[in-house]
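1. whatever this is, show me its structure:
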Amino acid sequence: MAGSQIERVFSVLETLTGEPKGVPMQVLAEQLGIPKSATHRLLTELIRLGYVRQNPDNLRYHLSTRLVAMGFRYLSRSGGDIVQPVLDRLAEETGELVRLGVISGERLTWIAKSQGARSGLRYDPDMGRDAPLFYTASGHAWLASLSDAEALALVERQGGDTLPAPGPNAPRSNIELLERLRQGREQGYAWVEESSGVGTSAIAAVVRHPLDARVIGVLSLAGPSARLPGARLHDLAPLLLQFTEELSAASQASEFFNG
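-> Here you go, the predicted structure:
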C-alpha cells in the first residue's frame, strides 16, 4: 500500500473498526500491504496516543474507547439520533437526569443525556466519560448482567475497587459489591443512594440487542437524594424498564449503538 503516513494511520483505524475481535499485527500488515516493521511502528504510536490497545492474552490489536468516545461526544451534541427523543420523554416524565451509556469493549461510556429538572437542585455531569463500575448504578446494572467472576475481573481491570469511595454508601469490598449485584439481578435493575457521590441517587437498567439479547448499553436516572430516596427509585423502576425496552427496539436504527 502506497500513500502518506496519515493515510496509513487511517487505514489501520478503519480496518480495526470492522474487527471487534481484534487483528494480529501480521494479518493487519498483509491486509493493508504495509511492511510489518512499519505496521508495528504505527500500532505502537497509536497505543501511545490511546487510540489502539493490544490484548495481552492473544496479542490482537483493537480500537480503544478513546476514538469511540470522540464520536459519541459528537453524536451526543448533534441531537439528531433516534434515541434522543426517548431520553427526552423519560426526562420529562420523571423530572430528573436521564443518561444513556454505551458498552464498547470493557468500558461503559456515557454518551447522551436529557435533563428533566427545570429548577431547584440539578445533577448534570459531563458526557463522554467512562462510568466507574464499582460504585455507580450504571456500572452495577452492567456488572449484574455478568457472572460474579466476570464482574470482579472487569472491576479489577478498571481499577475501580482501588479508588477512594466517592460517596458514603459506596461498596467497601468486593463482597458488598457482589451482594448489590445479586439484588440487581433479582430486581432487574440496579440502584444506589449516595454511592457515586454525596447527595446523589440513581437507578439503572441494561439495554439489550433486540435480536440476540446481548447487553449493548445502560439507561439510568439520577438526581439529588432529597428527590430520589430509595422508595422513589423503586417506584420509578417500572417506567425505567419500559423505556429500556423501547431503546432496545430502536437500537438497530441508532448511530449511538451502531456508529
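2. make it CA atoms for all contacts and neighbour counts henceforth
-> OK.
3. so Pro35 sits against Ala29, correct?
-> Yes. Between Pro35 and Ala29 a contact is recorded at 6.1 Å, counting by CA atoms under 8 Å.
4. compare these two (neighbour count), which wins?
-> Ala29 (19 against 13; other CA atoms under 10 Å).
5. show the subsequent helix or strand relative to the helix or strand harbouring that one.
-> Per DSSP states H and E, Ala29 falls inside helix 25-32. From helix 25-32 onward toward the C-terminus, using DSSP H and E, the following helix or strand is helix 36-49.
6. now the helix holding Ala29: buried residues?
-> 25, 28-29 (16 or more other CA atoms under 10 Å).
7. next one: stretch 239-256
-> Residues 240-241, 243-245, 247-251, 254, 256 are the ones in stretch 239-256 that count as buried (16+ other CA under 10 Å).
8. rounded mean pLDDT for that stretch, please.
-> On average, the pLDDT along stretch 239-256 is 83.
9. circling back: can you list the buried residues of stretch 239-256 in JSON lines and add distance to Tyr135?
-> Output for those, formatted as JSON lines (distance: CA to CA, whole Å):
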{"residue": "Leu240", "distance to Tyr135": "20"}
{"residue": "Leu241", "distance to Tyr135": "21"}
{"residue": "Phe243", "distance to Tyr135": "23"}
{"residue": "Thr244", "distance to Tyr135": "21"}
{"residue": "Glu245", "distance to Tyr135": "24"}
{"residue": "Leu247", "distance to Tyr135": "24"}
{"residue": "Ser248", "distance to Tyr135": "25"}
{"residue": "Ala249", "distance to Tyr135": "28"}
{"residue": "Ala250", "distance to Tyr135": "28"}
{"residue": "Ser251", "distance to Tyr135": "26"}
{"residue": "Ser254", "distance to Tyr135": "28"}
{"residue": "Phe256", "distance to Tyr135": "24"}
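10. of the residues you listed, closest to Gly197?
-> Leu240 (21.3 Å; CA to CA).
11. so that closest one, which state does it fall into?
-> helix (DSSP: H, G, I helix; E, B strand; the rest coil).
12. mind listing what it touches?
-> 90, 204-205, 219-221 (CA atoms under 8 Å, 6 or more residues apart in numbering).
13. which members of the residues you listed occur in strands, if any?
-> Secondary structure from DSSP state E places 204-205, 219-221 of the contacts of Leu240 in strands.
14. can you select the buried ones among these for me in ChimeraX?
-> To isolate the buried members of the ones in strands among the contacts of Leu240 in ChimeraX, using 16+ other CA under 10 Å:
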select :204,205,219,220,221
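15. tell me which stretches of the stretch 51-200 of the chain form strands.
-> 52-54, 61-63, 97-104, 107-115, 190-193, 200-208 (DSSP state E, counting those that start in this stretch).
16. using CSV, lay out those strands together with mean pLDDT and distance to Phe134.
-> Below are those laid out as CSV (pLDDT from 0 to 100; distance: least, CA to CA, whole Å):
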stretch, mean pLDDT, distance to Phe134
strand 52-54, 90, 23
strand 61-63, 89, 24
strand 97-104, 92, 15
strand 107-115, 89, 12
strand 190-193, 97, 11
strand 200-208, 96, 14
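17. got TSV for these, with distance to Ala231 too?
-> Compiled in TSV, the strands of the stretch 51-200 of the chain are given as follows (distance: least, CA to CA, whole Å):
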stretch	distance to Ala231
strand 52-54	42
strand 61-63	41
strand 97-104	18
strand 107-115	21
strand 190-193	11
strand 200-208	11
